[in-house]
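**Student:** Sequence and predicted structure below; questions after.
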Amino acid sequence: MSSDVFSKDEKYRILSFTKLEPIAVVGGHGATLVDMEGKEYLDCFAGISVVNAGHCPPKVVKAVQDQAGKLIHYGPYVYHSPVVTELAERLAAISPKGLVKTFFGNSGAEANETAMKLAKKFTKKQEMVALECSFHGRTVGTLSITGQSKRRRYDMGPYLSGVSFCTAAYCYRCPFEKEYPSCGVLCARRLEDIINYHSSDNVAGLIAEPIMGEGGIIVPPKEYFPIMKKILDAHGSLLIVDEVQSGYGRTGKMFGIEHYDVKPDILTMGKGIAAGFPLSACIARSDVGDSLQPGDHLSTFGGNPVCCAAAIANLDIFKEDKLVEGSAKKGKYLVKMFRELMEKHPFIGDVRGKGLMVGVELVKDRKTKAPATEETNKLKEGMRKKGVLVGTGGVKANVMRFQPPLVITTKELDHAVEVMGEELGKIEKGAA
Ligand SMILES: Cc1ncc(COP(=O)(O)O)c(C=O)c1O
């Protein structure tokens with residue numbers, strides 16, 4: 001019974017995250033999750049943007065079973081292994097040109113920790129610049145570069161010094177109260193001042209999510225990263241892109257940074273890389289990667305062969321089923337559907353996203369843009385009761401996040417939008 005699990009979780013688990021939804025999940029396939037009572041849910045959040053090829057894709061299950069029967073662990077940082085080598089080669093082939101050498105870890109946060117060490121070692125500089133509204137993980141190091149006080153809680157610090165923050169391209173709530181394009185993308189140009197006035201011009205790199213996930217699906221204009229890269233190059237600093245959430249087809253390209261005309265020096269990935277198995281990667285330019293020497297960095301489980309076998313099968317599915325192209329197409333359709341919904345529902349203040357990384361920002365009033373945080377939670381709960389699971393987030397906790405498995409069908413998307421419309425209508429009438 002689900003209720004037994006709920007009460008045991010209260011007793012035995014440290015529930016340090018947002019309150020758990022009252023569902024005990026035991027199975028999944030495609031974009032469907034199944035609970036202990038056999039009830040099916042349409043999953044529009046994919047385990048926080050992880051199971052991009054759907055739940056339990058049979059090819060991944062088979063590859064994992066085969067690999068587990070041969071070898072589960074051997075010490076990826078002690079010996080060579082063909083399965084790990086094959087994945088590293090395949091990542092170099094799908095990553096933006098110039099990124100060649102990979103370090104494998106277990107989580108997105110670990111990949112970002114690696115990226116910071118690498119950038120410091122290569123540039124021989126010690127500071128970092130990150131973005132306001134960003135999220136890069138829950139370790140002390142990654143919280144130090146996370147631009148949200150709600151995550152960087154004061155009672156678990158102190159956090160690292162030597163970190164400055166530049167402005168996020170949150171156009172809907174532009175801190176300069178300007179409009180794109182007449183703003184001249186001031187948020188990006190500001191990086192020059194941040195380096196000159198907030199740091200000691202000793203910046204190893206800027207770390208940035210190409211499209212922010214936890215911050216509330218924030219999509220910068222096309223000039224944003226090229227402007228910043230020029231400034232970074234002039235200061236001898238690297239561009240590190242955190243693709244943990246925006247990577248692996250999520251935005252309709254293999255990596256989110258491909259929407260911008262810019263070449264990153266380091267890229268981190270996690271979440272969608274191995275269809276749900278714990279694996280992450282930090283891929284860098286060869287010269288940057290070579291700056292780490294034996295003994296500089298290691299991870300016991302990083303590059304585990306079972307996880308790497310899952311990642312290789314996952315990549316095969318991406319190619320065969322054209323998941324990236326599908327994400328672009330379905331994402332455009334979803335945004336169009338939400339824009340239509342926006343005409344009927346004044347609570348919707350903004351609809352934005354790329355591919356199947358779509359955010360719907362809810363406001364109490366379109367003029368004041370007062371965040372409709374309580375209503376966002378109500379909407380999520382109402383949709384869950386009708387069997388549709390979505391994420392919420394944003395720096396003001398008022399963004400509905402649609403990041404489903406990329407295999408979701410158009411019919412399933414229609415259903416999610418319909419249910420959202422019904423529940424929004426109820427909230428607007430004060431009935432929910
Ligand atoms: C952009 C980004 N970076 C890093 C992380 C941290 O990943 P993990 O939870 O695997 O450490 C996340 C997780 O949500 C993320 O969205």
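**Tutor:** Arrived safely, thanks for sending.
**Student:** Where do the helices of the stretch 51-200 of the chain begin and end?
**Tutor:** 58-70, 82-94, 108-123, 140-144, 186-189, 191-193 (DSSP state H, counting those that start in this stretch).
**Student:** Enumerate the residues of the chain near the ligand.
**Tutor:** Residues of the chain that fall close to the ligand, judged by C-beta under 6 Å from any ligand atom: 48, 107-109, 112, 135-137, 209, 213-214, 242, 244-245, 270. For glycine as for every other residue, the C-beta is placed from the backbone atoms N, C-alpha and C.
**Student:** Closest to Cys56 out of these?
**Tutor:** Closest to Cys56 out of these is Ile48 (16.9 Å), distances taken as C-beta to C-beta.
**Student:** how would you label the closest one: helix, strand or coil?
**Tutor:** helix (DSSP: H, G, I helix; E, B strand; the rest coil).
**Student:** Check whether it really touches Gly391, as I assumed.
**Tutor:** Yes: proximity of Ile48 to Gly391 meets the contact threshold set by C-beta atoms under 8 Å, at 6.8 Å.
**Student:** Show me what residue of the stretch 301-432 of the chain gets nearest to the ligand.
**Tutor:** Gly393 (9.4 Å; C-beta to the nearest ligand atom).
**Student:** how many neighbours does that residue have?
**Tutor:** Using other C-beta atoms under 10 Å, Gly393 is surrounded by 22 other residues.
**Student:** Looking at it now. What's its pLDDT?
**Tutor:** Gly393 is assigned 96 on the pLDDT scale.
**Student:** Got the phi and psi for the residue at minimal distance from the centre of the chain?
**Tutor:** Nearest to the mean C-alpha position of the chain, counting by C-alpha atoms, centre = their mean, stands Gln245 at 1.7 Å. The phi/psi pair for Gln245 (degrees, to the nearest 10) reads phi -100, psi -30.
**Student:** Excluding sequence neighbours, find me the nearest residue to it.
**Tutor:** In space, Gln245 comes closest to Gly213 once its chain neighbours are excluded; the distance is 3.7 Å by C-beta to C-beta, 6 or more residues apart in numbering.
**Student:** still on that earlier bit, ok, the residue of the stretch 301-432 of the chain closest to the ligand - contacts?
**Tutor:** 213-217, 359, 399, 401 (C-beta atoms under 8 Å, 6 or more residues apart in numbering).
**Student:** same thing but 10 Å
**Tutor:** 18, 48, 135, 212-217, 359, 376, 399-401, 403 (C-beta atoms under 10 Å, 6 or more residues apart in numbering).
**Student:** and the residue of the stretch 101-250 of the chain found nearest the ligand, what does it touch?
**Tutor:** Distances between the stretch 101-250 of the chain and the ligand by C-beta to the nearest ligand atom are smallest at Gly108, namely 2.3 Å. By C-beta under 10 Å, 6+ apart, the residues touching Gly108 are 48, 135-138, 142, 242-245, 247, 268-271, 273, 280-281.
**Student:** Most neighbours among the residues of the chain next to the ligand, which one is it?
**Tutor:** Asp242 (34 neighbours).
**Student:** I'd assumed Gly256 was in contact with it.
**Tutor:** Yes: in this structure Asp242 lies within contact range of Gly256 using C-beta atoms under 10 Å: 9.4 Å.
**Student:** Can you check which residues contact both of these two?
**Tutor:** Common neighbours of Asp242 and Gly256 (C-beta under 10 Å, 6+ apart) are 209-210, 212-213, 267.
**Student:** As TSV, those with secondary structure and pLDDT would be great.
**Tutor:** Output for those, formatted as TSV (DSSP: H, G, I helix; E, B strand; the rest coil; pLDDT from 0 to 100):
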residue	secondary structure	pLDDT
Glu209	coil	98
Pro210	coil	98
Met212	strand	98
Gly213	coil	98
Leu267	strand	99
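**Student:** Adding distance to Asp155, write those residues out as TSV.
**Tutor:** Converted to TSV, these look like this (distance: C-beta to C-beta, whole Å):
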residue	distance to Asp155
Glu209	26
Pro210	32
Met212	25
Gly213	25
Leu267	33
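**Student:** in this protein, what spans have low per-residue confidence?
**Tutor:** 431-432 (pLDDT under 70).
**Student:** and it, what are its domains?
**Tutor:** 2-53+322-428, 58-320 (automatic domain parsing).
**Student:** how about the residue of the stretch 301-432 of the chain closest to the ligand, phi and psi?
**Tutor:** phi 170, psi -150.
**Student:** cool, Asp9 as well?
**Tutor:** With angles defined as degrees, to the nearest 10, Asp9 sits at phi -60, psi -40.
**Student:** wait, isn't it in contact with Leu20?
**Tutor:** Yes: when contacts are counted by C-beta under 10 Å, Asp9 is listed as touching Leu20 (6.8 Å).
**Student:** neighbours around the nearest residue to Gly30 once chain neighbours are set aside, how many?
**Tutor:** What sits nearest to Gly30 in space, not counting adjacent residues and going by C-beta to C-beta, 6+ apart, is Gly54, at 4.6 Å. Neighbour count of Gly54, defined by other C-beta under 10 Å: 25.
**Student:** for Gly54, what are its contacts?
**Tutor:** 28-32, 43, 46, 60, 275-276, 317, 321, 323, 404-408.
**Student:** hmm, 6 Å instead?
**Tutor:** Taking C-beta atoms under 6 Å, 6 or more residues apart in numbering, we find Gly54 in contact with 30, 405, 407.
**Student:** Please apply the same query to Leu33.
**Tutor:** With C-beta under 6 Å, 6+ apart, Leu33 has these contacts: 25, 41, 43.
**Student:** and the gap between it and Glu113?
**Tutor:** Separation of Leu33 from Glu113 (C-beta to C-beta, to the nearest Å): 31 Å.
**Student:** just Ala370 next, same as before
**Tutor:** 37 Å.
**Student:** neighbour-wise, which of those two wins?
**Tutor:** With neighbours defined as other C-beta under 10 Å, Ala370 and Glu113 compare such that Glu113 has more, 23 against 13.
**Student:** Wait, the more buried one touches Gly141, no?
**Tutor:** Yes: shown here, Glu113 and Gly141 form a contact pair, counting by C-beta atoms under 6 Å, at 5.1 Å.
**Student:** burial of Gln126, as a residue count?
**Tutor:** Neighbours of Gln126 (other C-beta under 10 Å): 14.
**Student:** Can you tell me how far it is from Val203?
**Tutor:** Counting by C-beta to C-beta - Gln126 and Val203 are separated by 9 Å.
**Student:** and if you look at Ile266?
**Tutor:** In terms of C-beta to C-beta, Ile266 sits 14 Å off from Val203.
**Student:** Thr142 now?
**Tutor:** 17 Å.
**Student:** Between those two, tell me which one has more neighbours.
**Tutor:** Thr142 (29 against 26).
**Student:** Surely Val34 is in a strand?
**Tutor:** Yes: if the criterion is three-state DSSP, then Val34 is within a strand.
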